[in-house]
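**Student:** Sequence plus predicted model, see below.
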Amino acid sequence: MRKDRLLTDVLIVGSGGREHAIGWKLSQSKKIGKIFFAPGNGGTINNVEIPVEDIDGLAEFASEKNCLTIVGPEIPLSLGIVDAFTEKGLRIFGPTKAAAQIESSKVWAKNFMKRNNILTAQFEIFDDAKEAKEYAKSIDYSLVVKADGLAAGKGVIVCNNSAEAIDAIDEILTKNRFGSSGSKIILEERIDGEEASFIALSDGNIAIPMATSQDHKRIYDGDKGPNTGGMGAYSPTAIIDDSLAEMIQKDVIEKTINSMKKEGNPFKGFLYAGIMLKYGKPYVLEFNGRMGDPECQPIMMRLDSDLYDYINASIDGTLSKLPAMLWKKQTAICVVLASKGYPGVYQKNEEIFGLDLEDKHSFVFHAGTKRENGKILTYGGRVLGVTALGDTLDSAISNVYSRIEKISWQNKYFRKDIGKKGLLVL
Ligand code: AMP
Ligand code: GLY
């Protein structure tokens, strides 16, 4: 028998920095053979031209190659990729369509948290603009207006007063800015605190925590400007100390996994809780049924265990047989290099220079890039996730920014303060 027959080939669905980082980590496993990406990006190899929404096309490919499939982004999960693959007898990692509602419907997630006593901001649900506006005028605290469905991170409007809330209600319910994703809205109490990401891996029965992290969602330094998919992240974050991590694991993650199982809707895959800390209490702002991007990049860089073992155990429901994951003591930080103009309009097809320099502290994960005639070109808003390790947060910051200096293209933009708020806590 050929030795490589014992190895598992993998199909990673998605094209972002998160998918590149998962592939990078899996490529270190001795149990993994070939890794395909659909559709992948300019930094990934073995790219297959199948869009993430083409569930039948992906299933056909996975079946032909006899691959294990790992799903990165939320869209195919919300379309039921896990259900479709499982029906065909294909091995796939991630939540079912019903379980993925924890991310794909904010109304579902808020009602779930309410009935299971998971701490979250107070809220009301509306489908009528007039009623929503009357409610917005009647309350005396600041509101956040949220579209129910998926909106690529843009469906949440944090308001300072009732006039802004009324505009946001009109945008979503009257002008249908997010189409059917905005046919229902949530009006939620604004919680002002420190935000962090807490991600766990579940097999439907138990969940084991990954390393903590903190994202930087706004486009400009000092957390100013519009929200983006995330401009940089670091791990671990001192904002979540060991006792708080235990509290979040017990009161948020375990409660969620147990409640979903009890309700007949077990959750397998990465469960991501977006947490707002206020007066030491963790409020859940949102759940995602997948890894965060860019949180995944520093988390994968710190992971010392074989990710493949944990993904297999999640699928098989055998996580309780595995030890806790091992993490490098070092800090990892990812700074997103974006195209100037993102999250609005930006240029594409600009050549990127300085990618092939060797550096033992860092790795450059690709996101919105493509490879053409031996050149790497920009091809999206978030272009690269430069990720570096350091013995301290301070040294990780200086390692990542010195690597970034060597990378250039015409309209490069990045935040200069990623990780700095972590220094204030230490
Ligand atoms: P979400 O997609 O629900 O996490 O919302 C996107 C971003 O909006 C979050 O990362 C927060 O920065 C902000 N946000 C959401 N809900 C609230 C809230 N209740 N209070 C304050 N900020 C919020
Ligand atoms: N970084 C935020 C997210 O992945 O949703």
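**Tutor:** Everything's here; your move. Owing to the predicted nature of the structure, the values given are computational and were not obtained by experimental measurement. Numbers count the residues shown, from 1 in each chain. Ligands and ions are numbered 1, 2, ... in the order given.
**Student:** where does the most centrally placed residue in the chain land in three-state SS?
**Tutor:** The centre of the chain sits closest to residue 292, judged by C-alpha atoms, centre = their mean, with a distance of 1.7 Å. Secondary structure assignment for residue 292 (DSSP: H, G, I helix; E, B strand; the rest coil): coil.
**Student:** which ones are touching the closest residue to ligand 2 within the stretch 251-400 of the chain?
**Tutor:** Proximity of the stretch 251-400 of the chain to ligand 2 (C-beta to the nearest ligand atom) peaks at residue 292, 3.6 Å away. For the C-beta atoms, the positions are set from N, CA and C on the backbone; glycine is no exception. The contact partners of residue 292, by C-beta atoms under 8 Å, 6 or more residues apart in numbering, come to 18, 197, 199, 213, 215, 230, 233, 272.
**Student:** One more pass at 10 Å, please.
**Tutor:** With contacts defined as C-beta atoms under 10 Å, 6 or more residues apart in numbering, residue 292 is in contact with 18, 197-199, 210, 213, 215, 229-230, 233, 270, 272, 274, 299.
**Student:** Could you list every helix and strand in contact with the helix ranked longest in the chain?
**Tutor:** Scanning the chain for the longest helix, with DSSP state H as the assignment, gives helix 393-405. In this structure, helix 393-405 packs against strand 232-235, helix 296-302, strand 331-339, strand 362-366, strand 382-390, helix 420-425, with contacts taken as 3 or more C-beta pairs under 10 Å, 6 or more residues apart in numbering; DSSP states H and E.
**Student:** for the shortest one, the distance to its chain's centre please.
**Tutor:** With C-alpha atoms, centre = their mean, to the nearest Å as the basis, strand 232-235 stands 12 Å off its chain's centre.
**Student:** Convert that strand to CSV, retaining C-alpha atoms only.
**Tutor:** Presented in CSV, the C-alpha positions along strand 232-235 are these (Å, rounded to 0.1, in the frame of the first residue of the first chain):
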residue,chain,number,x,y,z
GLY,A,232,-6.5,43.0,13.3
ALA,A,233,-6.5,40.6,16.3
TYR,A,234,-4.1,39.3,18.9
SER,A,235,-4.1,36.3,21.3
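**Student:** which regions of this protein lie under the pLDDT threshold?
**Tutor:** Applying pLDDT under 70 to the chain flags residues 1-5, 426.
**Student:** redo that, cut-off 80
**Tutor:** For the chain, residues meeting the criterion pLDDT under 80 lie at 1-5, 152-153, 358, 425-426.
**Student:** Spell out which parts of it neighbour ligand 2.
**Tutor:** Neighbours of ligand 2 within the chain, by C-beta under 6 Å from any ligand atom: 215, 230, 288, 292, 293, 295.
**Student:** Which member of those residues is positioned nearest residue 278?
**Tutor:** Within these, distances to residue 278 taken as C-beta to C-beta reach their minimum at residue 215, with 17.5 Å.
**Student:** how near is that closest one to residue 39?
**Tutor:** To residue 39, residue 215 is 24 Å away according to C-beta to C-beta, to the nearest Å.
**Student:** Those two - which one has more neighbours?
**Tutor:** Applying other C-beta atoms under 10 Å to residue 215 and residue 39 shows that residue 215 carries more neighbours, namely 23 against 17.
**Student:** Does the more buried one touch residue 233 like I think?
**Tutor:** Yes. Using C-beta atoms under 10 Å, residue 215 is in contact with residue 233, at 4.7 Å.
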